[in-house]
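Novice: Pasting the sequence and the predicted model now:
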Amino acid sequence: MGRDVSKEEYGGLRPWWLPGWLPSPKKPHSGKEWGTWAFFLLIFIWALDVLWRLSITYWYLALPALAVIGFGAERYWRSLWAAEQERRERVTSYSLTFEQMRDMHWRDFEIAVMRLMRRDGIAAEHTGKAGDFSVDVTGYDPVLGERWIVQVKHYGPKNKVKSDDVQKVAGAAWPIYQARKMLVVTTSGYTRDACTFSAKAGIHLIGKADLTRWATDGVHLHDVLGITPDARYGTAG
């Protein structure tokens, strides 16, 4: 079931209006960091002053330039707001806190992963049973035009997913399920060997941090994994 979303839940997220190429600003703590902020603030004010003076002198160039910049900015931030609205709709339709997922039975967690994929437009089905060849969820992704297989590991914080586990996913992907998109989801983390193998085999990994972005914050699976709609036969991002 979906849950009500409080206004405070959005406080820890990256601001929706911040362009993706711009890093999120962090509050300075030390004197050196405050000094760096002050220096760049002075540079910014100086640049604005220079641009203002130039715009007065060359007003016949500044006015058309401002019109073009304003039009482009309006279109750009309109698209950012549309994406933010979609994210909030996903949170409202179905979302889970990490604590809820951590306290679930492992089979309920598999179902939750299936529902999260369906929320993001993937026709997912739960396949977790004996003889599933280490695949718990499968699904067709109409945007990518590809089939997903997902292994789900409901582990405690000290029990990490090992390389042997992800190797089983790679072995079953095409011969058994004819799938080119592979994903492992866990409430814990991954060993170094598991990460190394997954990077080489093109297996996407979701651990605690990314799971929170996906399930709690409502970030689309594609964005969590860093893949684009035209990604086909690609390696893990």
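Specialist: Thanks, I have it. Numbers count the residues shown, from 1 in each chain.
Novice: Give me the next element, helix or strand, following the helix of greatest length in the chain.
Specialist: Longest helix in the chain by number of residues (criterion: DSSP state H): helix 59-93. Sequence-wise, the next helix or strand downstream of helix 59-93 (DSSP states H and E) is helix 98-102.
Novice: Tell me which residues of that following helix come out buried.
Specialist: 101-102 (16 or more other CB atoms under 10 Å). (Glycine included, C-beta is placed from N, CA and C.)
Novice: Likewise for stretch 112-125?
Specialist: Across stretch 112-125, burial judged by 16+ other CB under 10 Å covers 112-120, 122, 124.
Novice: residues in contact with it?
Specialist: Applying CB atoms under 8 Å, 6 or more residues apart in numbering, the external contacts of stretch 112-125 come out as 90, 93-94, 96, 101, 104, 126, 136-143, 148, 150, 152, 185, 214-215, 220-222.
Novice: For the least confident helix or strand in the chain by mean pLDDT, which helices and strands make contact with it?
Specialist: When the helices and strands of the chain are compared on mean pLDDT, DSSP states H and E, helix 59-93 comes out lowest with a mean of 88. Judged by 3 or more CB pairs under 8 Å, 6 or more residues apart in numbering; DSSP states H and E, helix 59-93 is in contact with helix 31-57.
Novice: elements contacting the helix it packs on?
Specialist: Secondary-structure packing of helix 31-57 (3+ CB pairs under 8 Å, 6+ apart): helix 59-93.
Novice: From Val68, how far off is the residue of the chain most remote from its centre?
Specialist: Most distant residue from the mean C-alpha position of the chain: Thr57, 45.9 Å away (CA atoms, centre = their mean). Per CB to CB, to the nearest Å, Thr57 is found 19 Å from Val68.
Novice: Over to Ser188?
Specialist: Ser188 is 50 Å from Val68, by CB to CB.
Novice: Tell me which of the two has more neighbours.
Specialist: Higher neighbour count among Ser188 and Val68: Ser188, with 17 against 10, using other CB atoms under 10 Å.
Novice: Neighbours of His204, how many?
Specialist: 22.
Novice: With the one 5 residues further on instead?
Specialist: Applying other CB under 10 Å, we find 11 other residues in the vicinity of Ala209.
Novice: quick one: pLDDT of it?
Specialist: Ala209 carries a pLDDT value of 94.
Novice: can you pull the buried residues of the one helix or strand it maps to?
Specialist: Ala209 is located in helix 208-215, with elements delineated by DSSP H and E. Residues 210-215 are the ones in helix 208-215 that count as buried (16+ other CB under 10 Å).
Novice: Show me which of the residues you listed is closest to Lys26.
Specialist: Closest approach to Lys26 among those (CB to CB): Arg213, at 18.1 Å.
Novice: Could you check what's spatially nearest to the closest one, not counting adjacent residues?
Specialist: Val219 (4.5 Å; CB to CB, 6 or more residues apart in numbering).
Novice: Can you classify that neighbour by secondary structure?
Specialist: Look at Val219: counting by DSSP: H, G, I helix; E, B strand; the rest coil, its state is coil.
Novice: show me the contacts for Lys208.
Specialist: By CB under 8 Å, 6+ apart, the residues touching Lys208 are 98, 157, 186-189.
Novice: Same check on Leu66?
Specialist: Leu66 sits next to Ser55 when contact means CB under 8 Å, 6+ apart.
Novice: hang on, Leu205 is in a strand, isn't it?
Specialist: Yes. Using three-state DSSP, the assignment for Leu205 is a strand.
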